[in-house]
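Peer 1: For reference, the sequence and a predicted model appear below.
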Protein chains: 2
Amino acid sequence: VKIHLYFTPNEFTEEDLKDRVAVVIDVLRTTTTMTLALRNGCKEIIPVADIESAVRLSSNLSREFTLLCGERYGRIIEGFDLGNSPAEYAEGVVRNKTLIFSTTNGTALLVKSKAAMMTALASFVNLDAVCGWLRGLGGDIAILCAGKQGRFALEDAVCGGMILQRLRQGGSKASYGNDGALAAGALVQKHARDLRRLLAQSQGGRDLVAIGLESDLDLCAQLNSTPVVPTYRQGVVTLGHAS
Amino acid sequence: VKIHLYFTPNEFTEEDLKDRVAVVIDVLRTTTTMTLALRNGCKEIIPVADIESAVRLSSNLSREFTLLCGERYGRIIEGFDLGNSPAEYAEGVVRNKTLIFSTTNGTALLVKSKAAMMTALASFVNLDAVCGWLRGLGGDIAILCAGKQGRFALEDAVCGGMILQRLRQGGSKASYGNDGALAAGALVQKHARDLRRLLAQSQGGRDLVAIGLESDLDLCAQLNSTPVVPTYRQGVVTLGHAS
């Protein structure tokens, strides 16, 4: 098993995903929020890259069973039902709903990941669950960090590094596929001890604090609080039962 | 003083360089080779992004005083005088010459860096000299890693991290400007102890070994062997006497 890790979406092409299982990471907050929403009973999530597509798609669906979700600059999009705070996605709100979702970094990356054999969504809240799922599958892996507007984001890199490290432990022969994979271990060693602090230090976390969303950091830092594995297939994110 | 560090050229815009001093790093091999060439007496280096521009430019200059230099896929470009191995740039070859230079990653980054107030070229061979120069200047700094075809390259990241770390030592109040700067320290801690080994591990180094250029790694790993500071201004790299 070879593991590639890409710190930003511009570092890989669709060709790099061929015959690999992709793991998409956007800790602050897309993959965290989607994972919680699915655990809380939402039926499915349709990630779309831009706001216009989200609105168009929702106009074709019954509003009774659909929620329009997402953010730009961290804040809920005007006219949308929900923003991107995990706390908004309570069971009473999302149960049996289809969520149409558009965020600044995460959803475009999900759409780009469709060139992979399969895609799982990972964040701190479901880290070990994703590792277990990957171990069961076997095969080469591409860990895709969303970053922040095309730039390196420390929290995604550390999360990716933790997945890589766990997969290399316990006798598996997983090897480093690229320099990103080679580098990520050092980031874990230095920055994974206190995830809440990591989020507070990172640019993404500081931006959330600046717009009054500090409590999101608490939820996003809760390691293994939500042990489910969302997968993205044929344009839809659901709780995967991959095989 | 704020220090930003970008692991790949796609992570910053020209706007990000405004009012900052840029440090361009392409350890394997552009900034190493250019530094050695200038130390060995070459008059100036004109970096150009593509081969066509290099050939066109050279046709306007006296061939007696000009050398066409560069690589694609690590190898010398057909019809060019020199490749990108530092060992090729001996004093007898380059003294008083103008070098027109085009490489896969480094030269395009140099050209892009012109939005900065000033640009220095850094690599392991002139690391402390560059740090001394930066300390003398003061002001905010953008460390720009060339990477490899738009991807993260470990050796450039470690070199950038070492510069950042040295600038933060010795009482200076340099602070982290972005997540890349925040992350680079961990890479230094883990990977800077044996630079020759680091180069052998990285994808860039392994690619050079694969085409028979392993001896380049020895030269590129020689920390502080060439204590000069090339600067890029108005389209030309020379031994800078910036002020």
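Peer 2: Arrived safely, thanks for sending.
Peer 1: Can you tell me the SS state at the spatially most central residue of chain A?
Peer 2: Note on chain A: the residue nearest the mean C-alpha position is residue A:31, at 2.8 Å, using CA atoms, centre = their mean. The assignment at residue A:31 comes out as helix when based on DSSP: H, G, I helix; E, B strand; the rest coil.
Peer 1: ok, and does the top helix by length along chain A reach over to chain B?
Peer 2: Determined from DSSP state H, the single longest helix within chain A is helix A:154-168. Yes. Using CB under 8 Å from any CB of the partner chain, helix A:154-168 comes into contact with chain B via A:154, A:157. Just so you know, the C-beta spots here come from the backbone N, C-alpha and C atoms, and that holds for glycine as well.
Peer 1: which other helices and strands contact that helix?
Peer 2: Identification of packing neighbours for helix A:154-168 by 3 or more CB pairs under 8 Å, 6 or more residues apart in numbering or on different chains; DSSP states H and E yields strand A:2-6, strand A:21-25, helix A:127-137, strand A:141-145, helix A:179-191, helix A:195-201, helix A:203-210, helix B:179-191.
Peer 1: Can you give the contact residues for the second one?
Peer 2: Counting contacts by CB atoms under 8 Å, 6 or more residues apart in numbering or on different chains, the residues outside strand A:21-25 that touch it are A:31, A:106, A:109-110, A:113, A:116-123, A:130, A:134, A:137, A:139-146, A:156, A:159-160, A:163, A:232.
Peer 1: For residue A:197, see how far away the nearest residue to residue A:85 once chain neighbours are set aside is.
Peer 2: Once flanking residues are discounted, residue A:85 sits nearest to residue A:216: 5.1 Å by CB to CB, 6 or more residues apart in numbering or on different chains. Noted for residue A:216: a distance of 15 Å to residue A:197, by CB to CB, to the nearest Å.
Peer 1: Between these two, which has more neighbouring residues?
Peer 2: In this view residue A:216 and residue A:197 are compared by other CB atoms under 10 Å in any protein chain shown, and residue A:216 has more residues nearby, 25 against 13.
Peer 1: Model confidence at that one, what's the number?
Peer 2: pLDDT recorded at residue A:216 is 98.
Peer 1: Could you do residue A:62 as well?
Peer 2: With respect to pLDDT, residue A:62 has a value of 88.
Peer 1: give me the number of residues near it?
Peer 2: Residues lying near residue A:62 (other CB under 10 Å) number 8.
Peer 1: for residue A:223, same thing?
Peer 2: Neighbourhood size, residue A:223 [other CB under 10 Å]: 16.
Peer 1: Now residue A:178. Nearest residue, chain neighbours left out?
Peer 2: Going by CB to CB, 6+ apart, residue A:178 has residue A:4 as its nearest residue, at 4.8 Å.
Peer 1: Okay, and the beta partners of the one you found?
Peer 2: Under DSSP bridges, the beta-bridge partners of residue A:4 are residue A:142.
Peer 1: what does residue A:233 give?
Peer 2: Beta bridges link residue A:233 to residue A:236, judged by DSSP bridges.
Peer 1: Could you count how many residues lie near it?
Peer 2: Neighbours of residue A:233 (other CB under 10 Å): 13.
Peer 1: How much space separates it from residue A:118?
Peer 2: Here residue A:233 is placed at a distance of 7 Å from residue A:118 (CB to CB).
Peer 1: dump the residue contacts of residue A:230.
Peer 2: By CB under 8 Å, 6+ apart, the residues touching residue A:230 are A:31, A:34, A:35, A:38, A:45, A:120, A:121, A:126, A:237, A:238, A:239, A:240.
Peer 1: Kindly recompute the last result at 10 Å.
Peer 2: Counting by CB atoms under 10 Å, 6 or more residues apart in numbering or on different chains, residue A:230 touches A:24, A:31, A:34-39, A:44-45, A:110, A:119-123, A:126, A:129-130, A:237-240.
Peer 1: Which entries within those meet the buried criterion?
Peer 2: A:24, A:31, A:34-39, A:44-45, A:110, A:119-123, A:126, A:129-130, A:237, A:240 (16 or more other CB atoms under 10 Å in any protein chain shown).
Peer 1: before we move on, the earlier item: if I follow the layout properly, the residue nearest to residue A:85 ends up in contact with residue A:74?
Peer 2: Yes. The criterion here is CB atoms under 10 Å, and residue A:216 meets it with residue A:74 at 9.2 Å.
Peer 1: Mutual contacts of those two, please.
Peer 2: With CB under 10 Å, 6+ apart, residue A:216 and residue A:74 have common neighbours A:28, A:29, A:83, A:84, A:85, A:208.
Peer 1: sorry, back to before: for the strand or helix carrying the residue nearest to residue A:85, the distance to its chain's centre please.
Peer 2: Under the criterion DSSP states H and E, the helix or strand holding residue A:216 is helix A:214-220. Distance of helix A:214-220 from its chain centroid, counting by CA atoms, centre = their mean, to the nearest Å, is 15 Å.
Peer 1: now for that helix, which elements pack on it?
Peer 2: If you count contacts as 3 or more CB pairs under 10 Å, 6 or more residues apart in numbering or on different chains; DSSP states H and E, helix A:214-220 packs onto helix A:30-39, helix A:154-168, helix A:195-201, helix A:203-210.
Peer 1: what residue ranges in chain A are flagged as low confidence?
Peer 2: A:171, A:240-243 (pLDDT under 70).
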